[in-house]
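Novice: Got a predicted model here, sequence first, then my questions.
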Amino acid sequence: MVTIAVTAEGTDEPRVAVSPETVKKLVGLGAKVKVETGAGLRSRFSDAMLKAQGAEIAPSAAEARRDADILLKVRRPAPEEVKDLKPGSLVVAMLDPYGDRAGLEALAATNAALFSMELMPRITRAQSMDVLSSQANLAGYKAVVDAAALFEQAMPMMMTAAGTVPAAKVFIMGAGVAGLQAIATARRLGAQVTATDVRPAAKEQVASLGAKFIAVEDEEFRQAQTAAGYAKPMSVEYQEKQAALIASHIKNQDIVVTTALIPGRPAPRLISRPMVESMKPGAIIVDLAAERGGNCELTQPGRTIEHNGVRIFGPLNLAGAVAVNASSLYAKNLLAFLGILIDKDKKTLDIDWDDEIVKGTLIAKDGKLVHPSLQPQGAAS
Ligand code: NAD
């Protein structure tokens, strides 16, 4: 039998790595699921709800981990949480593989096999395991809803006997998973939406959601997408042309949501201080790239600041602000991933270390960091 432990996250992480639905399915796979008491509370999953689906509620994190083969977490656990696991145990979490290298090495030194869900290959078979997509989708939604709540004007156009209220102008920068959901949400609220990206594939997706696409569409733009579907860092010349275009567009916008990222690199700087200063008082910027340094020069990660009447919101965990949904989807992503590690007939761990998904996400084994992107010459891609 495979024993799976789920423990509570730190105070700044409301999500949890299991849901009542996934407990039921994991138990159905023949696993024992031990959950630390209270671990699901901030996602509104009570001990009773988890127990009703077959979880064993443990009185402490250490008790939950006792005899576990797999530890499921949302964030990277401390080495102290992992070192009492059995030899050869697995840790599956969003391990932030390119952050705090010393901490990662200390975690690897526990000898656990570490799987980093952020590195899930973007192949069809792994779509149901793609945590970046499931969480970014919710973050994109919440960014627009939060911006609408902060905004002191209406979002849709309203024609009333007392006059017309204009539609809010919303500009989405970066039309990946989060950006596309932000566009869809802003459109549903009745805003007039524009969006930009450096990947040509984004153009049609933006248009299909009813937003206007705005970008410097030169030769470099036509080549900007990697084989993995991500953006490449753009040349200085492109960045200058892009900045000129954004500068002329942004000054008329009411709400700007930025989501632009390049894997393994700091977020590209797209909004400069003068651009912010050109915006109208009351305008709002939500910088979803805050965790990776921010797309806006003035963003302060984790804070909301005001500059010349423009409020800049730098959330660090917007998916966590819709924790019920975020935990449910994250737990489903983990369930799908565990499905390829567990032999359903023998009800034991059976890992094919050559599987593309296993190799793509495994970052440490037998005390060593093994992922190619974490080797000294490795590219974080
Ligand atoms: P991401 O989070 O890495 O980046 C967000 C967006 O920022 C991307 O669209 C990127 O092109 C854009 N960006 C980067 N630099 C920029 C700049 N200078 N200016 C403007 N925009 C910039 O990306 P993501 O949301 O993870 O999605 C990337 C792509 O992968 C999308 O096309 C998405 O649909 C695709 N995807 C595929 C799968 C799959 O096949 N399984 C799963 C998820 C996403």
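Specialist: Here it is on my side, so go on.
Novice: pLDDT score assigned to the residue in the stretch 151-300 of the chain that the ligand sits nearest to?
Specialist: Nearest residue of the stretch 151-300 of the chain to the ligand, counting by C-beta to the nearest ligand atom: residue 176, 2.1 Å away. To be clear about C-beta, it is placed using only N, CA and C from the backbone, and glycine gets the same treatment. On pLDDT, residue 176 comes in at 96.
Novice: The one 5 residues further on too?
Specialist: You'll see residue 181 listed with a pLDDT of 98.
Novice: could you pull out the helices for the protein?
Specialist: 20-28, 47-52, 61-65, 79-82, 101-108, 131-150, 177-188, 201-208, 219-222, 236-250, 273-278, 323-339, 356-361 (DSSP state H).
Novice: For the ones you listed, could you give me CSV that also reports distance to residue 261?
Specialist: Shown next, in CSV, are the helices of the chain (distance: least, C-beta to C-beta, whole Å):
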stretch, distance to residue 261
helix 20-28, 28
helix 47-52, 34
helix 61-65, 32
helix 79-82, 28
helix 101-108, 20
helix 131-150, 9
helix 177-188, 9
helix 201-208, 13
helix 219-222, 17
helix 236-250, 15
helix 273-278, 19
helix 323-339, 18
helix 356-361, 19
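Novice: deepest of the ones you listed, which one?
Specialist: Most buried of those by mean neighbour count (mean count of other C-beta atoms under 10 Å) is helix 177-188; its value is a mean of 24.
Novice: angle of that one against helix 131-150?
Specialist: Calculated by axes from the mean of the first three to the mean of the last three C-alpha atoms, to 10 degrees, helix 177-188 forms an angle of 40 degrees with helix 131-150.
Novice: May I have the distance across stretch 248-266, first residue to last?
Specialist: 25 Å (C-alpha to C-alpha, to the nearest Å).
Novice: same thing with stretch 145-157?
Specialist: Terminal residues of stretch 145-157 lie 17 Å apart, using C-alpha to C-alpha.
Novice: which residues are in contact with that stretch?
Specialist: Contact partners of stretch 145-157, identified using C-beta atoms under 8 Å, 6 or more residues apart in numbering, comprise 164-168, 170, 185-186, 189-191, 254-255, 257, 282, 284, 286, 311, 313, 315, 318, 321.
Novice: Flag every residue of the protein that's near the ligand.
Specialist: Within the chain, the residues that sit near the ligand (C-beta under 6 Å from any ligand atom) are 122, 127, 130, 132-133, 136, 173-179, 196-199, 201-202, 229-231, 234, 259-263, 268, 270.
Novice: make it 5 Å
Specialist: Residues of the chain found near the ligand (C-beta under 5 Å from any ligand atom) are 122, 127, 133, 174, 176-177, 197-199, 229, 231, 260-261, 268.
Novice: Can you flag the buried ones in these?
Specialist: Among those, those that count as buried by neighbour count (16 or more other C-beta atoms under 10 Å) are 133, 174, 176, 177, 197, 198, 199, 231, 260, 261, 268.
Novice: Out of the residues you listed, flag the one nearest to residue 92.
Specialist: residue 133 (17.0 Å; C-beta to C-beta).
Novice: Before I go, just wanted to say thanks for your time.
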